[in-house]
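K.L.:
with the input below, show me the fold.
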Amino acid sequence: MTFAVMGMLVLLNYGASIMTIAPARPYEPVLGDYGGIIDTPDEFLVVQGVFSYLVTTLLVTIPLLMMHRRRATMFAGTALVLGVAIRLMVINEFPQPHLTVAAGALAAALLADGLLVRLDTVRGAAAPLRLPLAGALYAGLVCAGQLVGLHLAAGVRWSPEMWAGTVVLTVLLGGLLGGLAARPLVHR
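P.N.:
Numbering: from 1, shown residues only. As a prediction, the model looks like this:
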């Protein structure tokens, strides 16, 4: 699965959130004469930044959920993020602050793997809403880990509503993907 994700990065190289520094740039919306927000180049960078987090969530969460359908496997999510990070770091010659962002994503993926294995141990593999919870947990932690890494390396200058909203969007997307990956309920 890791090699498949690394292969998909050929098409999505510049859409990967590990390589965006959009949250490190300040964004101040410009109000027009009638109170509406005017489109600015800064707004485009914000949209591109949020989009990159959603693309990366799709890229790493779908394979994790495919593997997680049977059972939680320690280091499965970490391997996916590691594959993405290695490919991006090598072809871009280990740039900063992206290296710290990758380290934050890896630490978060490792934490998510541990929590998912623990949840399966406690709740069981047949627990209700198992995959939506796994998708939401994994996606949210990886996104938050990247933002923490970026904050440590360059400082996140987005408002709390923007960076927290990005994490919430990835959590919702991960939960949705988990719901789609779950086996359908059989009514008798």
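
K.L.:
CA atoms for contacts and neighbours, from now on please.
P.N.:
Fine.

K.L.:
so where's this protein shaky on pLDDT?
P.N.:
Applying pLDDT under 70 to the chain flags residues 29-33, 35-41, 185-188.

K.L.:
can you give me the helices in it?
P.N.:
Here the chain has its helices, by DSSP state H, at 2-12, 41-68, 76-91, 98-123, 130-153, 160-181.

K.L.:
tabulate those helices (CSV), appending distance to Ala24.
P.N.:
Compiled in CSV, those are given as follows (distance: least, CA to CA, whole Å):
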stretch, distance to Ala24
helix 2-12, 21
helix 41-68, 10
helix 76-91, 19
helix 98-123, 11
helix 130-153, 7
helix 160-181, 10
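
K.L.:
just say which of those is most tucked in.
P.N.:
helix 130-153 (a mean of 25; mean count of other CA atoms under 10 Å).

K.L.:
other SSEs contacting it?
P.N.:
helix 41-68, helix 98-123, helix 160-181 (3 or more CA pairs under 8 Å, 6 or more residues apart in numbering; DSSP states H and E).

K.L.:
neighbours around Ser17, how many?
P.N.:
Ser17 is flanked by 26 other residues according to other CA atoms under 10 Å.

K.L.:
check contacts around it.
P.N.:
49, 52-53, 55-56, 146 (CA atoms under 8 Å, 6 or more residues apart in numbering).

K.L.:
of the helices of the chain, which approaches Thr20 most closely?
P.N.:
Smallest distance to Thr20 across the helices of the chain (CA to CA): 6.3 Å, for helix 41-68.

K.L.:
what about the nearest residue to Leu129 once chain neighbours are set aside, distance to Gln146?
P.N.:
In space, and not counting its chain neighbours, Leu129 is closest to Gly179: 7.6 Å by CA to CA, 6 or more residues apart in numbering. Using CA to CA, to the nearest Å, Gly179 is found at 24 Å from Gln146.

K.L.:
sorry, back to before: so for Asn92, which of the helices and strands packed on helix 130-153 sits nearest?
P.N.:
Nearest of the helices and strands packed on helix 130-153 to Asn92, taken as CA to CA: helix 98-123 at 9.5 Å.

K.L.:
helices or strands up against that closest one?
P.N.:
Short answer (3+ CA pairs under 8 Å, 6+ apart): helix 98-123 packs on helix 76-91, helix 130-153.

K.L.:
adding distance to Phe3, write these out as TSV.
P.N.:
Shown next, in TSV, are those (distance: least, CA to CA, whole Å):
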stretch	distance to Phe3
helix 76-91	7
helix 130-153	19
